[in-house]
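>>> this is a predicted model, with the sequence first.
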Amino acid sequence: MPRNVNYPAVEDATLVKAAQNGDMHAFEELVARHRDKIYTRAFSMMRNEEEALDLSQEAWVRSWQHLKQFKGEASFVTWVTRIIINLCLDQLQRQKRFRTDSIEQLDEESGGVERQMAVVHPNPTERLERHELRQRIDKALGQLSCEHRTALILHEFEDLEYKEIAKRMRCSIGTVMSRLFYARRKMAVLLASLKREESRCSITRQN
């Protein structure tokens, strides 16, 4: 597309063709135009803000990766909506299998799920737990690659938009989206692992 084009005034079909030819500004406009609808659809299925955000993020990454496969048989937003619906369905199916397996295991090992229900008590160590969480986050960040850590910090802590991050990191917005997605996934795994490790160390010290 020509320079100084007013992207918000361009129709989806034209933006898609430009993005398929490598115009990242065109794809960025498509994301900005439809991200709320895609997130809303994800949230309506998952009923969880974090999961909806992760899955909608993955939908945009996949739409960029497979954009050349889009033939225009349906509208672009319909195509991306199908992607997010399939991702949500896959995630719900995984959760269903996990819940079923977990309930069966608890029932076999402890004689009933009721015994495993948590009792809520006031937490006098909340401040300490927040400090420990910050330490885990810092440690997990240190285990990410430079590219993933930088993208995550710029977006989550500096609150920069994709366009600005892409400019600072000298990469495409699609690359930024991909790095953020995988950085979040890696952080979730690392934080869970560090928490388990700290719990084991705490038990060992008590013994």
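Right, received. Where do you want to start?
>>> give the buried residues for the helix or strand encompassing Asp36.
Assigning secondary structure by DSSP states H and E places Asp36 in helix 24-46. Within helix 24-46, the residues scored as buried using 16 or more other Cβ atoms under 10 Å are 24, 26-31, 33-34, 38-39, 41-43, 45-46. For glycine as for every other residue, the C-beta is placed from the backbone atoms N, C-alpha and C.
>>> ok, stretch 10-19 next?
For stretch 10-19, a neighbour-count test (16+ other Cβ under 10 Å) marks 10, 12, 15-16, 18-19 as buried.
>>> report the mean confidence score over that stretch.
Averaging pLDDT along stretch 10-19 gives 96.
>>> what comes into contact with it?
Contacting residues not belonging to stretch 10-19 are listed as 1, 7, 26-27, 29-30, 33, 64, 67, 70, 72, 75-77 [Cβ atoms under 8 Å, 6 or more residues apart in numbering].
>>> let's see that with 10 Å instead.
If you take Cβ atoms under 10 Å, 6 or more residues apart in numbering as the criterion, stretch 10-19 is touched by 1, 5, 7-8, 23-31, 33-34, 63-64, 67-68, 70, 72, 75-77, 79, 174.
>>> same question for stretch 178-185.
The contact list for stretch 178-185 (Cβ under 10 Å, 6+ apart) reads 50, 53-55, 57-62, 64-65, 141, 144-145, 147-156, 162, 165, 169, 171-172.
>>> of those, buried ones?
54-55, 57-62, 64, 141, 144, 147-152, 154-155, 162, 165, 171-172.
>>> got a pLDDT number for the residue nearest the centre of the chain?
Nearest residue to the geometric centre of the chain (Cα atoms, centre = their mean): Asp54, 2.4 Å. You'll see Asp54 listed with a pLDDT of 91.
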